[in-house]
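> have a look at this prediction, sequence included:
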Amino acid sequence: MSTKMDTIWSKLDRKSTAIAEFTMRQYRTRISTWVVLGAATVAIFLMLLFYIEAMNTEIEAIDNDGDGLINEDDIDWDNLQDGVNYVGEDDDGDCENLDTTSQRDGNNNKNECDVLIIVDTLNGTTYIYPDANVDEDPDEDKYGKEAGHRAFILGIGKFGIVYLLGIFLPLFLATGLIREEMSDGTIHYMLAKPIARGEVLLYRMLGYIGLTWPYILGLCGLMCLITGFTGPGDGIFRWSDIGVWMTIAWAAMLVSLVYGTIFCAFGIIWKNGVILAILFAAWELGMAFVAILSGGDSPIRYFSVIGWGMIIVDSGVAICWPDNWQLIQSGLWGGGQGTENFLGEPEYVPLPGAEPLDVFSGSPNLGTSSWLSLIISTLVLVFQGIMSWFVGQSIFKGKEVD
Ligand SMILES: [Ca+2]
Ligand SMILES: [Ca+2]
Ligand SMILES: [Ca+2]
Ligand SMILES: [Ca+2]
């Protein structure tokens, strides 16, 4: 029994490795492969230059409360929880020096010189009621560097790596996987041995991920190293970023696998399958905007590949940067200066970097824990990949190969 199993496995193994290795050798020997990978790398690294420039530029300090002192009272919030929080600290003593108790406790919580924050995670709202002169003049440079660093990682991660790279790599590397062999006639060599067409498709995809997955991992690893040493912080390296970069890589790997399988199937359907692939990429681009701009609130993103990829990254952020939403809230509040809009609601002046970070951050929002969201979105993408393979091989089976 075991020897029989062994022969089946080794046969399967030989077939799979033979086609996968042949596919990878094809990639290696084609100049177009290196042009695609090179162009993608250059594009990502150009964006990195803007980041390095921004990290080495001092952000101008602003006297937020207009008292002539600059950055004298930074935001001291810690560990915001769902419900009522008393945080804040009057660093410069201009609240504590106020004459009466009622002046020192304007928010009327029997706590002098603090900030009362009511968090409602269920409805996604945060209400902030500070006593006068508390946390009123934050440090723009310190905040802007941290928020800008995170906004860059999420912007380049979600949009540049998960979406653009996730589409670009399969568009050029997967659409022709079966198509080109069909038009060159070389598919006959692959189909000469008794092998199901579904298996050929599977092993071709294996060769494709053998090239693209190490590339994505290497690129994200390099970006993690560079931004981890360049980014702001007390330590030499930003260890907590590693997990976020890993979820970006993981999302890009899964997304490029699903797109790759779909595009390969488009190539089997029609010799100009790349046109279908571009149309599909346009739909996904729309979904990427929906997923980013709705902050993870729009269910329409579930009808896409990219929407699930973004949930993977959002889960990684929730796990590795648990203070991220708190950082966003404090930056949008920005010391509490501002005016009221016509509804009488406060309109604060946000700190630099707060709005981009808010845009690129999203809630995993599957109504479960972050880890479970990570697992569910991974499973959905794997399922999408299997379904695409299944449809692709059915079409492949029905194709006359001449
Ligand atoms: Ca001031
Ligand atoms: Ca300031
Ligand atoms: Ca108070
Ligand atoms: Ca103060």
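Cool, the structure landed. Numbering: from 1, shown residues only. Ligands and ions are numbered 1, 2, ... in the order given.
> break the protein into its domains for me.
The record's domain parsing of the chain by automatic domain parsing lists 14-60+140-398, 83-130.
> how far does the first one sit from the chain's center?
In this case it means domain 14-60+140-398. Distance of domain 14-60+140-398 from the chain centroid (CA atoms, centre = their mean, to the nearest Å) equals 7 Å.
> adjust the sequence numbering to begin at 696 for everything that follows.
Right, with 696 as the first residue, what we last looked at is domain 709-755+835-1093.
> next, see if it gets close to ligand 1.
No. Domain 709-755+835-1093 lies out of reach of ligand 1 by CB under 5 Å from the ion, never closer than 8.7 Å. In short, each C-beta sits where N, CA and C put it, glycine included.
> helix/strand/coil for Val1096?
coil (DSSP: H, G, I helix; E, B strand; the rest coil).
> tell me how many other residues surround it.
Here the number of neighbours of Val1096 (other CB atoms under 10 Å) works out to 13.
> same check on Asn1019?
If we define neighbours as other CB under 10 Å, then Asn1019 has 19 of them.
> list the contacts for it?
Asn1019 is in contact with 845, 1012-1013, 1052, 1056, counting by CB atoms under 8 Å, 6 or more residues apart in numbering.
> what is the nearest of those residues to ligand 4?
Lowest distance from ligand 4 to those (CB to the ion) belongs to Leu1052, with 24.8 Å.
> looking at the stretch 946-1095 of the chain, which residue is nearest ligand 4?
Closest point on the stretch 946-1095 of the chain to ligand 4, by CB to the ion, is Gly1030, at 9.6 Å.
> what do you get for the chain?
Using CB to the ion, Asp768 is the residue of the chain that sits closest to ligand 4, at 3.7 Å.
> what ranges does this structure have for its helices?
Listed in chain order, the helices of the chain (DSSP state H) span 697-724, 726-750, 796-799, 835-850, 861-868, 871-879, 882-887, 892-925, 936-964, 968-988, 1001-1015, 1019-1028, 1049-1055, 1065-1093.
> Asn1036 and Glu1042: what is the separation?
5 Å (CB to CB, to the nearest Å).
> ok, Gly880 next?
67 Å.
> do the same with Glu767
Relative to Glu1042, and taking CB to CB, Glu767 is found at 23 Å.
> tell me who's in contact with the nearest residue to Leu1067 once chain neighbours are set aside.
Spatial nearest neighbour of Leu1067, excluding adjacent residues (CB to CB, 6 or more residues apart in numbering): Leu1061 at 7.3 Å. Taking CB under 8 Å, 6+ apart as the contact definition, Leu1061 lies against 1006, 1067-1068, 1071-1072.
> so what pLDDT did Leu1061 get?
We note a pLDDT of 74 for Leu1061 in this prediction.
> what's the per-residue pLDDT of the most centrally placed residue in the chain here?
Closest residue to the average C-alpha location of the chain: Lys853 at 3.4 Å, with CA atoms, centre = their mean. On pLDDT, Lys853 comes in at 94.
> who touches it in this structure?
The contact partners of Lys853, taken as CB under 8 Å, 6+ apart, are 943, 983, 987, 1005, 1008, 1055.
> circling back: now for the contacts of Leu1061, which pair is the farthest apart?
Across the contacts of Leu1061, the longest distance by CB to CB is 11.0 Å; it joins Ile1006 and Leu1067.
> when these two are compared, which one has more neighbours?
Between Ile1006 and Leu1067, counted using other CB under 10 Å, the more crowded position is Ile1006 (29 against 13).
> contact partners for the residue of the chain closest to ligand 4?
So Asp768 contacts 760, 785-787, 789, 828-833, 1030 (CB under 8 Å, 6+ apart).
> residues of stretch 878-897 that come out buried?
Under the neighbour-count criterion of 16 or more other CB atoms under 10 Å, stretch 878-897 has 882, 885, 892, 895-897 buried.
> swap in stretch 900-920?
900-904, 906-908, 910-912, 914-915, 918-919.
> so what's Ile813 bridging to?
Beta bridges link Ile813 to Val779, Tyr822 when assigned by DSSP bridges.
> contacts only, for it.
778-780, 821-822, 824.
> give the contact list for Val1044.
759, 1029-1030, 1032-1033.
> show me which of Glu767 and Glu1042 is the more surrounded one.
Glu767 (19 against 10).
> so how many other residues sit close to the residue lying closest to the more buried one once chain neighbours are set aside?
Nearest residue to Glu767, sequence neighbours excluded (CB to CB, 6+ apart): Asp787, at 4.2 Å. As a burial measure, Asp787 scores 18 neighbours (other CB under 10 Å).
> how close does Asp787 get to Asn802?
As defined by CB to CB, Asp787 lies at a distance of 19 Å from Asn802.
> and for Ile957?
54 Å.
> comparing these two, which shows the higher neighbour count?
Neighbours were counted for Ile957 and for Asn802 using other CB under 10 Å; Ile957 has more, 26 against 18.
> can you name every helix or strand that the lowest-mean-pLDDT helix or strand in the chain contacts?
Across the helices and strands of the chain, mean pLDDT, DSSP states H and E gives its lowest value to helix 882-887, namely a mean of 74. Packing partners of helix 882-887 (3 or more CB pairs under 8 Å, 6 or more residues apart in numbering; DSSP states H and E): helix 871-879, helix 892-925.
> tell me what angle the longest one forms with helix 861-868.
Orientation check (axes from the mean of the first three to the mean of the last three CA atoms, to 10 degrees): helix 892-925 against helix 861-868 gives 130 degrees.
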